[in-house]
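*Asks:* Sequence first, then the predicted structure, then my questions.
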Amino acid sequence: MTGPTHPTDPEAYAALHADATALLDGWQPTRPAAAAARERTLALLAAGPIAMIREHVPGHVTASALVLDSTGSRVLLCLHGKFGRWVQLGGHCEPVDQTLAGAALREATEESGIAGLRIDPVPIDIDVHPVRCQGGSHHYDVRFAVLAPPAAVEQVSDESEALGWFPPDQLPEPLAGGTAQLVEPALAALRRSPLRPAP
């Protein structure tokens, strides 16, 4: 979600850029395509903090989250208002974000309306895909697993047509490319460690 103004000074993103670079340097990819996306993202990050802002036409790093319910038996997806597909929550980084995990958690909170979300700060996937930003660009999307509190009630944001909870083996159509591949690593993250608030 974006406010009415968006600072474009790359130096406002210096801390976030440093976090993203360190995080991906040490990350063990969850699948072969994610390994290739990691290398492409690190190459993009070599341009400096400008790689974090949406005005960088060659591409920019974004952060998203697959939100699981408190039992891990359902995932929360949004029907995206701009391209009419069901997708995980997430979006552009902002100067307030100090970490990529923090950016993903902020986006998930804003887009779901759910307070008390917890995140695993280890990414579950990276996906590079074309977008219409700036007349044509790429999102280098770093994805995380997020856990909702018990009895969480979602609220549709301005960016969504709808929100819905779905069993992992019954995802809705039309589904955005790359969303289904997040389920398995998100469930593995939930089994691996207790999810917690972002740093």
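*Replies:* Nice, thanks for sending it over. Fair warning: this is a prediction, and the values are worked out from it, not measured in the lab. Residues are numbered from 1 along each chain as shown.
*Asks:* I figured Arg118 was touching Leu147, is that so?
*Replies:* Yes: with contacts counted by Cβ atoms under 8 Å, Arg118 reaches Leu147, the gap being 4.8 Å. Heads up, the C-betas are built off the backbone N, CA and C, glycines and all.
*Asks:* Neighbour count for these two, which is higher?
*Replies:* Shown here are Arg118 and Leu147; by other Cβ atoms under 10 Å, Leu147 has more neighbours (23 against 17).
*Asks:* who's that one bridged to?
*Replies:* Beta bridges link Leu147 to Leu68, Arg118 when assigned by DSSP bridges.
*Asks:* helices or strands next to the helix or strand harbouring Val61 in the packing?
*Replies:* Per DSSP states H and E: Val61 is located in strand 60-68. Counting contacts by 3 or more Cβ pairs under 8 Å, 6 or more residues apart in numbering; DSSP states H and E, strand 60-68 is packed against helix 32-45, strand 75-80, strand 89-92, helix 100-112, strand 137-147, helix 183-192.
*Asks:* Flag every buried residue along that strand.
*Replies:* Under the neighbour-count criterion of 16 or more other Cβ atoms under 10 Å, strand 60-68 has His60, Val61, Thr62, Ala63, Ser64, Ala65, Leu66, Val67, Leu68 buried.
*Asks:* quick one: which of those residues is nearest Ala18?
*Replies:* Ala18 lies nearest to Val61 out of those, by Cβ to Cβ, at 12.2 Å.
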